[in-house]
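Novice: what follows is a predicted structure for the sequence shown.
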Amino acid sequence: MRLSFWGVRGSIPSPHPDTRRYGGHTPALELRAANQVVLLDAGTGLAPLGQKLHAEPLIPGLTAHLFFSHYHWDHVQGLPHFAPLSAAGNKFTVYGPAPQGTPGGLPGIVDTLLGVPFTSPQSGARSGLDFEEIAPDSEISLGELRVCARRANHPGGALAYRFEHDGSVLVYAPDHEPGNAELDLGLRQLARGAQLLVCDAQLLPAEQSPGSGHGTWESAVALAGDAGVRNLVLFHHAPERSDHALDQITLSARRLFPRTWAAHEGMHFDLAADTVHLWECRGRDAQRMPVPLPVLVESGQHTAPLRHEARLHNLSFHGAYFVSPLQYDLDDRLELVLDLETGGDAYGDPTLSSLRLQGQVMRVEPLTTNGGWVGVGVRFVEPRRTDAAALPGSDKATDA
């Protein structure tokens with residue numbers, strides 16, 4: 001299985017400089033498994049996903065399955081802008097819970113979304129569309145991919161889904177308010193032993209109130225622990241939640257459930273029977289260049305010694321990313337020290353200089369390939385400077 005995130009926000013899109021890193025599109029995920037193309041919800045992230053699918057050379061056409069968790073606006077608003085719908089020869093099967101109080105059922109909802117006044121007549125679907133309403137506690141098969149559904153606690157009703165193939169298990173529970181004992185039990189059973197749980201964590205604990213329809217990072221962590229989940233992805237971020245706030249939430253969650261990530265656009269997970277691999281592609285404020293060099297990290301924070309060795313991965317005018325065997329906290333101030341050769345002296349011998357980069361920790365994440373090591377993202381907060389004096393320990397002495 002490969003799961004890709006194209007939209008991770010809840011309620012409304014949130015395009016803003018403060019949400020750039022995690023992304024502002026509403027829910028849309030792509031699952032590739034058992035030679036099937038599965039789309040999870042149809043928020044605004046479905047538009048860029050559609051552009052990617054539309055460009056794929058598929059002959060005679062694309063066959064895909066779209067699963068709605070429910071029909072609130074943030075989960076359907078990307079459908080009229082999904083380019084593959086306008087191409088003849090493509091075929092889609094649309095699944096979702098039976099809508100409450102809606103004439104025409106699931107086909108009626110899709111017809112409404114693709115018709116006037118919500119979209120222009122020429123942008124209507126030309127692909128083949130089939131529909132299947134899913135009852136809670138039902139199971140269906142897409143070839144070798146098995147899909148199970150359970151009710152979630154959300155105003156108007158919603159479903160959570162479990163996908164199983166060849167020993168790998170993904171659970172998608174984007175909208176769920178804990179507190180209903182029966183539905184909480186059903187969700188724990190659905191998530192039992194999953195390799196990856198994508199779970200509603202829109203609210204902060206102080207923001208939750210009865211009837212909100214959403215969970216918190218604490219309730220997501222509790223569900224993951226109770227169900228024996230291996231990896232947790234916090235999802236359906238509040239539109240006002242900044243990148244920095246999501247970093248802090250992730251660190252808080254990892255103190256209780258270490259294998260936790262916050263969903264962001266461009267994140268991919270590869271699931272096999274024994275392993276889960278995470279691939280990340282985040283938006284950047286500036287182009288970053290790979291700089292695989294040793295680096296010294298100087299910090300006066302209590303979480304790190306004054307000076308230790310780490311490995312620099314990439315660098316831009318605005319920040320850097322390095323990996324370290326030591327833990328850092330968000331907002332820690334530190335200095336990266338790079339030892340560089342800056343040409344030769346009068347005798348032709350190289351001169352060592354230090355490039356000192358002062359910054360603030362903006363992101364900390366455990367690495368899946370190095371036990372105990374963490375990746376650290378730093379934004380520079382002070383002007384960079386180069387000290388041209390020879391470094392202690394070099395074979396070139398300097399006169400005072």
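Specialist: Ah, there it is. For clarity, every value in this text was computed on a predicted model and none was experimentally measured.
Novice: isn't Ser168 right up against Met1?
Specialist: Yes - shown here, Ser168 and Met1 form a contact pair, counting by C-beta atoms under 8 Å, at 5.0 Å. (Glycine included, C-beta is placed from N, CA and C.)
Novice: any shared contact partners between those two?
Specialist: Jointly contacting Ser168 and Met1 under the rule C-beta atoms under 8 Å, 6 or more residues apart in numbering are Ala33, Leu271, Ala272.
Novice: run a quick neighbour tally on the first one.
Specialist: Same thing as Ala33. Neighbourhood size, Ala33 [other C-beta atoms under 10 Å]: 22.
Novice: wait, it sits on Arg146?
Specialist: No - the criterion here is C-beta under 8 Å, and Ala33 misses it with Arg146 at 10.0 Å.
Novice: Ser168 and Met1 - which one has more neighbours?
Specialist: Taking neighbours as other C-beta under 10 Å, Ser168 and Met1 compare with Met1 leading, 24 against 20.
Novice: now for the more buried one: which residues touch it?
Specialist: With C-beta under 8 Å, 6+ apart, Met1 has these contacts: Leu31, Arg32, Ala33, Phe163, His165, Ser168, Leu170, Phe269, Asp270, Leu271, Ala272.
Novice: go on, Trp261?
Specialist: Residues near Trp261 by C-beta under 8 Å, 6+ apart: Asn231, Leu232, Val233, Leu234, Thr250, Met267, Leu278, Glu365.
Novice: phi, psi for the fifth one please.
Specialist: Read it as Thr250. phi -60, psi -40 (degrees, to the nearest 10).
Novice: what about it, distance to Ala201?
Specialist: Distance from Thr250 to Ala201, counting by C-beta to C-beta, to the nearest Å: 10 Å.
Novice: and if you look at the last one?
Specialist: Relative to Ala201, Glu365 is positioned 16 Å away (C-beta to C-beta).
Novice: more neighbours, these two?
Specialist: The residue with more neighbours, out of Glu365 and Ala201, is Ala201; 32 against 19, by other C-beta under 10 Å.
Novice: quick check: the more buried one touching Phe235?
Specialist: Yes - the pair Ala201 / Phe235 is scored as a contact, 6.3 Å apart, by C-beta under 8 Å.
Novice: before we move on, the earlier item: find the residues that touch each one of Thr250 and Ala201.
Specialist: By C-beta under 8 Å, 6+ apart, Thr250 and Ala201 have these common neighbours: Leu234, Ala262.
Novice: that older thread, closest to Gly104 out of the shared contacts of Ser168 and Met1?
Specialist: Taking C-beta to C-beta as the measure, Gly104 lies nearest Ala33 of the shared contacts of Ser168 and Met1, at 30.8 Å.
Novice: so what's that closest one up against?
Specialist: By C-beta under 8 Å, 6+ apart, the neighbours of Ala33 are Met1, Arg2, Leu145, Phe163, His165, Ser168.
Novice: picking up where we left off before, joint contacts of Ala33 and Arg146?
Specialist: Joint contacts of Ala33 and Arg146 (C-beta under 8 Å, 6+ apart) are Phe163, His165.
Novice: tell me the domain ranges of this protein?
Specialist: Domains of the chain are assigned by automatic domain parsing as 2-279, 289-387.
Novice: out of those, deepest packed?
Specialist: Of the domains of the chain, the one with the most neighbours on average (mean count of other C-beta atoms under 10 Å) is domain 2-279, at a mean of 19.
Novice: and stretch 115-135, average pLDDT?
Specialist: Averaging pLDDT along stretch 115-135 yields 82.
Novice: what is the end-to-end distance of that stretch?
Specialist: 26 Å (C-alpha to C-alpha, to the nearest Å).
Novice: next one: stretch 19-28
Specialist: 17 Å.
Novice: and stretch 248-262, by the same measure?
Specialist: End-to-end span of stretch 248-262 (C-alpha to C-alpha): 10 Å.
Novice: Ser212: what's it in contact with?
Specialist: Counted by C-beta under 8 Å, 6+ apart, Ser212 has contacts Glu177, Leu203.
Novice: same question, Glu139
Specialist: Residues in contact with Glu139 (C-beta under 8 Å, 6+ apart) are Arg146, Val147, Cys148, Ala149.
Novice: now, which of the contacts of Met1 lie within helices?
Specialist: Within the contacts of Met1, no residue falls in helices by DSSP state H.
Novice: report the lowest-confidence entry in the residues you listed.
Specialist: Pick the lowest pLDDT in those and you get Ala272, at 89.
Novice: isn't it up against Ser168?
Specialist: Yes - shown here, Ala272 and Ser168 form a contact pair, counting by C-beta under 8 Å, at 5.8 Å.
Novice: for Leu106, helix, strand, or coil?
Specialist: helix (DSSP: H, G, I helix; E, B strand; the rest coil).
Novice: that one and Gln100 touch, don't they?
Specialist: No - between Leu106 and Gln100 there is no contact under C-beta under 8 Å: 11.7 Å.
Novice: just to revisit the earlier point, would you single out the least confident of the domains of the chain?
Specialist: Lowest mean pLDDT within the domains of the chain: domain 289-387, a mean of 76.
Novice: and the helices in this structure?
Specialist: Secondary structure of the chain (DSSP H): helices at 46-54, 105-113, 181-191, 217-227, 243-256.
Novice: packing partners of the first one?
Specialist: Contacts defined by 3 or more C-beta pairs under 8 Å, 6 or more residues apart in numbering; DSSP states H and E place helix 46-54 against strand 2-7, strand 28-33, strand 36-40.
Novice: how does it look with 6 Å?
Specialist: strand 28-33 (3 or more C-beta pairs under 6 Å, 6 or more residues apart in numbering; DSSP states H and E).
Novice: and the strand it packs on, how far out from the chain middle?
Specialist: From the chain centre to the centre of strand 28-33 is a distance of 13 Å (C-alpha atoms, centre = their mean, to the nearest Å).
Novice: quick one, it and helix 46-54 angle?
Specialist: Angle of strand 28-33 versus helix 46-54, following axes from the mean of the first three to the mean of the last three C-alpha atoms, to 10 degrees, is 40 degrees.
Novice: in its sheet, what does strand 28-33 sit against?
Specialist: Each strand paired with strand 28-33, and its direction, by DSSP bridges: strand 2-7 (antiparallel), strand 36-40 (antiparallel).
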